[in-house]
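**Student:** All I have is the shape, not the residue letters:
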């Protein structure tokens, strides 16, 4: 930190573990008045996670020159002699994550449904702003390969499924065939988050709802940003007044409908969403394959075992939407 001329030289260093899993650990770092968060792979994470950390760093550093809510870039260290792994420091963001509260929103969003709608609109606005980033201008020209993006999606994930395959999934052939024959003729490339949902954002305290930061950029790339929208909406109900709205990992009761959020995204981003069905089918299909990997290696892990019945439901949902969609 002294080499990077960060504030707090000579002050005692205080650390606090914030969260962590198999991919990354996050610590609060305090030194005098300087407060940041350190993101680092755990010791036993695969070696390529160090490259992933640098990739994440590139994205948040590039976003410093945009209006996308994110954690500010502070410093990166690729010298593994320091902490054993590549890591970076990002600005500490005051606020809260929906994952802290489970299915109960913090006040005032627990009781005030009108205030709660703002959470959904701010969520949609986050990727709308991200989609409009001048990715070449901010130095992300080599982050991904937008040419052939949709062709690669289907080929890559069907190949991946064949490698992990432990059972047949009803509807997969129908959904895969539909995706191959209904690819968008054209799209406007942009920065994608890759796993966009309430689990990967933070909000400021209190109302009105304010998006503080989009976090966890390990899946970030340059591709088709409308897949982020579909990822966010793939299990979002049209009717948020019924029991279906509370069925997921957060309670969507009282929030705008899926159609209204797609319209809001279009208004903010300037992108048309007439072909949203294609992206919804792709999102459901892809998520089913991702979760199937977890289920196939679940062992005694109860959480991964729970994916067992979810995966077939997702794949059937993708096939049913493909069969009934008016998108041609």
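**Tutor:** That came through, no problem. The structure presented is a predicted model; accordingly, all values stated were derived computationally and were not measured. Residues are numbered from 1 along each chain as shown.

**Student:** Worst mean pLDDT across the helices and strands of the protein, which element?
**Tutor:** helix 302-305 (a mean of 91; mean pLDDT, DSSP states H and E).

**Student:** Now the following helix or strand past that helix: buried residues?
**Tutor:** Downstream of helix 302-305, the first helix or strand assigned by DSSP states H and E is helix 307-324. By 16 or more other Cβ atoms under 10 Å, the buried positions in helix 307-324 come out as 307, 311, 312, 314, 315, 316, 317, 318, 319, 321, 322. The way it works is simple: take the backbone N, C-alpha and C, and place the C-beta from them, glycine included.

**Student:** Dump those to CSV, plus pLDDT and distance to residue 48.
**Tutor:** Output for the buried residues of helix 307-324, formatted as CSV (pLDDT from 0 to 100; distance: Cβ to Cβ, whole Å):
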residue, pLDDT, distance to residue 48
307, 93, 24
311, 96, 26
312, 96, 31
314, 97, 27
315, 97, 29
316, 97, 34
317, 97, 32
318, 97, 29
319, 97, 33
321, 97, 34
322, 96, 34
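
**Student:** Between all of those residues, which two are separated the most?
**Tutor:** 307 and 322 (21.8 Å; Cβ to Cβ).

**Student:** Is there a neighbour count for the spatially closest residue to residue 49 that is not a sequence neighbour? I'd like the number.
**Tutor:** In this structure, residue 49 finds its nearest non-sequential neighbour in residue 41, 3.9 Å apart by Cβ to Cβ, 6 or more residues apart in numbering. Residues contacting residue 41 under the criterion other Cβ atoms under 10 Å number 22.

**Student:** Could you verify my assumption that residue 41 touches residue 50?
**Tutor:** Yes - using Cβ atoms under 8 Å, residue 41 is in contact with residue 50, at 6.6 Å.

**Student:** and for the two, which residues touch both?
**Tutor:** Shared contacts of residue 41 and residue 50, defined by Cβ atoms under 8 Å, 6 or more residues apart in numbering, comprise 85, 86.

**Student:** Report the buried residues of the helix or strand hosting residue 156.
**Tutor:** Secondary structure from DSSP H and E places residue 156 in helix 149-164. For helix 149-164, a neighbour-count test (16+ other Cβ under 10 Å) marks 149, 150, 153, 154, 157, 161 as buried.

**Student:** just the strands in this structure please.
**Tutor:** 13-20, 25-31, 34-40, 73-77, 87-91, 190-192, 201-203, 211-214, 221-223 (DSSP state E).

**Student:** who wins for proximity to residue 244 among the ones you listed?
**Tutor:** strand 201-203 (22.2 Å).

**Student:** tell me what that closest one is packed against?
**Tutor:** helix 113-131, strand 211-214 (3 or more Cβ pairs under 8 Å, 6 or more residues apart in numbering; DSSP states H and E).

**Student:** out of these, which comes closest to residue 175?
**Tutor:** For these, proximity to residue 175 was assessed by Cβ to Cβ; helix 113-131 is nearest, at 23.5 Å.

**Student:** what does the closest one contact?
**Tutor:** 66-69, 105, 108-109, 190-193, 196, 198, 201, 203, 207-211, 214, 225-226, 228-229, 232, 252-256, 261, 264-265, 268-269, 271.

**Student:** and that helix, which residues are buried?
**Tutor:** 115-131.

**Student:** Find the nearest non-adjacent residue to residue 183, please.
**Tutor:** Nearest to residue 183 is residue 150, by Cβ to Cβ, 6+ apart, at 4.6 Å.
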